[in-house]
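Student: structural data only, the sequence is not supplied:
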Ligand SMILES: Cc1cc2nc3c(=O)[nH]c(=O)nc-3n(C[C@H](O)[C@H](O)[C@H](O)COP(=O)(O)OP(=O)(O)OC[C@H]3O[C@@H](n4cnc5c(N)ncnc54)[C@H](O)[C@@H]3O)c2cc1C
């Protein structure tokens with residue numbers, strides 16, 4: 001029998017491992033069975049939160065019913081820690097008479113280590129195993145600099161990727177019909193939750209799981225909103241982005257499907273600009289995976305720029321708590337953090353503002369923020385989260401220069417000019433006049449927190465802390 005091991009690719013369409021399983025099934029006249037392994041204790045170690053794991057759990061259930069319609073049963077195996085996966089997977093393969101195992105690659109350090117061990121063990125036991133690149137527009141280890149190294153700057157990487165796509169245009173795999181050769185195995189009932197993780201029912205309406213939901217979100221976005229993306233994408237109150245990151249993170253949709261749908265969006269110059277800009281974001285997603293593959297230390301809690309490990313962080317715990325809870329006295333920061341805590345999602349502009357505020361105004365280690373985001377975001381993805389944090393903290397590849405420090409009040413005036421977003425999430429400021437909403441006076445809202453830091457002073461302090469490490473290697 002042929003097995004497909006589903007991981008960060010929870011869909012049946014445009015899935016290289018599943019498509020290859022169909023070819024083999026036809027060739028060898030063997031049925032296909034699917035397997036999903038949950039590792040909740042490992043995810044806890046990685047800091048994943050309830051919103052992300054609940055979304056994963058619902059996505060697996062949606063996958064199971066899609067697979068059933070293709071006559072492929074999905075089996076669920078619970079192996080709390082990755083270290084135990086190889087032996088359990090081998091035992092499962094032996095029990096089910098598996099001769100071939102197929103899977104799409106993951107690129108994070110622990111996942112790569114787990115997969116290497118599985119590969120060795122299965123091969124030693126005469127089970128054929130094949131891996132496929134699936135997560136990116138272009139395989140993350142394919143494009144190299146002239147010296148044969150990995151890129152560390154976005155723009156040349158983007159140019160190379162676009163040139164590559166001209167030579168080898170993106171395609172998606174054909175839709176699959178129900179498989180002809182059935183097995184007598186039944187699908188497992190899917191769990192309602194994984195390990196100690198709890199369900200997050202308040203998020204279910206906004207984030208319906210599964211590839212159908214992802215596809216209709218993509219088509220809606222590309223039929224209309226993408227035309228306004230260029231002009232509106234930076235304004236949190238406009239709701240002008242696709243909100244597809246959660247689906248991309250679990251693989252309910254592929255980056256290739258997103259790219260092609262945007263290419264097919266019809267329209268004039270405005271549409272063209274919107275599509276261009278949106279594709280640019282998909283390339284950032286690819287770029288951060290390319291960096292993670294080339295420089296695995298970034299998925300091991302290390303900064304990309306090694307000298308930045310010498311920064312003397314202040315790491316004030318009470319200020320960190322105020323940041324997490326949206327009680328900093330900076331309305332745009334507080335609105336963003338309260339939105340994250342309530343909905344599991346935050347707009348990209350706000351992610352940059354709150355990240356820069358944590359690192360450059362509070363001088364708190366970016367890893368604290370990275371970890372907190374992992375615990376809250378429904379779309380948590382190690383490469384993009386790490387990339388976003390290291391960009392904001394000026395510790396990463398192609399990061400913002402350390403002396404560029406956002407002024408949270410100016411950012412607020414620029415990207416939430418009327419204060420609509422702030423009013424939505426900070427009820428203490430609901431009646432604050434627009435002229436003061438970005439920097440309220442005590443009389444405007446007596447119940448609202450006072451600023452926990454003086455931005456101008458903090459800026460000088462941070463510049464000094466970064467200057468102090470510039471001579472390190
Ligand atoms: C501090 C920080 C942390 C972040 N953490 C994550 C994370 O955990 N998971 C995650 O998917 N993205 C993360 N991002 C990137 C970005 O904020 C989100 O991808 C985006 O806000 C998701 O909303 P959307 O799906 O509506 O994006 P859209 O604007 O519609 O963009 C389309 C897709 O492109 C990708 N994308 C967009 N912007 C970026 C970017 N800057 N970097 C990489 N990919 C991008 C996403 O997959 C997104 O779904 C982070 C950014 C920052 C600054």
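Tutor: Thanks, I have the structure now. Please read these numbers as outputs of a predicted model, since none were measured by experiment.
Student: same for the lengthiest helix in the chain, what does it pack against?
Tutor: Using DSSP state H, we find that the single longest helix of the chain is helix 269-294. Here helix 269-294 is seen to pack against helix 154-167, helix 229-232, helix 255-264, helix 382-392 when contacts are counted using 3 or more Cβ pairs under 8 Å, 6 or more residues apart in numbering; DSSP states H and E. Every C-beta, even on glycine, is put in place using the N, C-alpha and C of the backbone.
Student: is there proximity between that helix and the ligand?
Tutor: Yes - shown here: helix 269-294 in contact with the ligand (Cβ under 6 Å from any ligand atom) through 278, 281-282, 284-285, 288.
Student: which of those sits closest to residue 82?
Tutor: Sorting the residues of helix 269-294 next to the ligand by distance to residue 82 puts residue 288 at the head of the list, at 22.0 Å, by Cβ to Cβ.
Student: confirm for me that the closest one is in contact with residue 387.
Tutor: Yes - the pair residue 288 / residue 387 is scored as a contact, 3.6 Å apart, by Cβ atoms under 8 Å.
Student: gap between stretch 123-142 and the chain center?
Tutor: Chain-centre distance of stretch 123-142: 21 Å, with Cα atoms, centre = their mean, to the nearest Å.
Student: the nearest residue to residue 279 once chain neighbours are set aside and the ligand: what is the separation?
Tutor: Distances taken as Cβ to Cβ, 6 or more residues apart in numbering place residue 262 nearest to residue 279, at 6.0 Å, with adjacent residues excluded. Per Cβ to the nearest ligand atom, to the nearest Å, residue 262 is found 9 Å from the ligand.
Student: one more: residue 467?
Tutor: 24 Å.
Student: ok, now residue 391?
Tutor: 6 Å.
Student: same thing with residue 70?
Tutor: In terms of Cβ to the nearest ligand atom, residue 70 sits 27 Å off from the ligand.
Student: dump the helices and strands packed on helix 269-294 into TSV; add mean neighbour count as well.
Tutor: Below are those laid out as TSV (neighbours: other Cβ atoms under 10 Å):
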stretch	mean neighbour count
helix 154-167	14
helix 229-232	18
helix 255-264	19
helix 382-392	24
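Student: so where's the stretch 301-450 of the chain uncertain?
Tutor: Filtered on pLDDT under 70, the stretch 301-450 of the chain yields no residues whatsoever.
Student: and it, which residues reach the ligand?
Tutor: 348, 351-352, 355, 373, 377, 379-381, 384-385, 387-389, 392.
Student: can I see the domain layout of the protein?
Tutor: Following automatic domain parsing, the chain resolves into domains at 2-134, 135-170+211-294, 306-467.
Student: would you format these as JSON lines with distance to residue 178 included?
Tutor: Rendered in JSON lines, the data for those read as follows (distance: least, Cβ to Cβ, whole Å):
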{"stretch": "domain 2-134", "distance to residue 178": "5"}
{"stretch": "domain 135-170+211-294", "distance to residue 178": "16"}
{"stretch": "domain 306-467", "distance to residue 178": "32"}
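Student: now for residue 379: which residues touch it?
Tutor: 52, 245-246, 248-249, 345 (Cβ atoms under 8 Å, 6 or more residues apart in numbering).
Student: switch the cut-off to 10 Å
Tutor: 51-52, 55, 207, 243-250, 344-346, 373, 385 (Cβ atoms under 10 Å, 6 or more residues apart in numbering).
Student: over to residue 15?
Tutor: Residue 15 touches 4, 6, 9, 21-22, 63, 102, 104, 132, 134, 172-173, 176, 211, 251, 254, counting by Cβ under 10 Å, 6+ apart.
Student: likewise for residue 135?
Tutor: 8-9, 104-107, 248-249, 251, 254-256, 285-286, 289, 381, 383.
Student: same thing but 7 Å
Tutor: Shown in contact with residue 135 (Cβ atoms under 7 Å, 6 or more residues apart in numbering): 8, 255, 289.
Student: stretch 105-124 near the ligand at all?
Tutor: No - contact of stretch 105-124 with the ligand (Cβ under 6 Å from any ligand atom) is absent, the minimum separation being 12.3 Å.
Student: pull the distance from that stretch to the chain's centre.
Tutor: So, by Cα atoms, centre = their mean, the centroid of stretch 105-124 is 21 Å from its chain's centroid.
Student: just to revisit the earlier point, ok, then the element right after the longest helix of the chain?
Tutor: Downstream of helix 269-294, the first helix or strand assigned by DSSP states H and E is helix 317-325.
Student: what's downstream of that following helix, the next helix or strand?
Tutor: Heading C-terminal from helix 317-325 (DSSP H and E), you reach helix 331-343.
Student: gap between that next one and the chain center?
Tutor: When C-alpha coordinates are averaged (Cα atoms, centre = their mean), helix 331-343 and its chain have centres 19 Å apart.
Student: stretch 11-20 too?
Tutor: 20 Å.
Student: state the mean pLDDT of that stretch.
Tutor: Mean per-residue pLDDT for stretch 11-20: 98.
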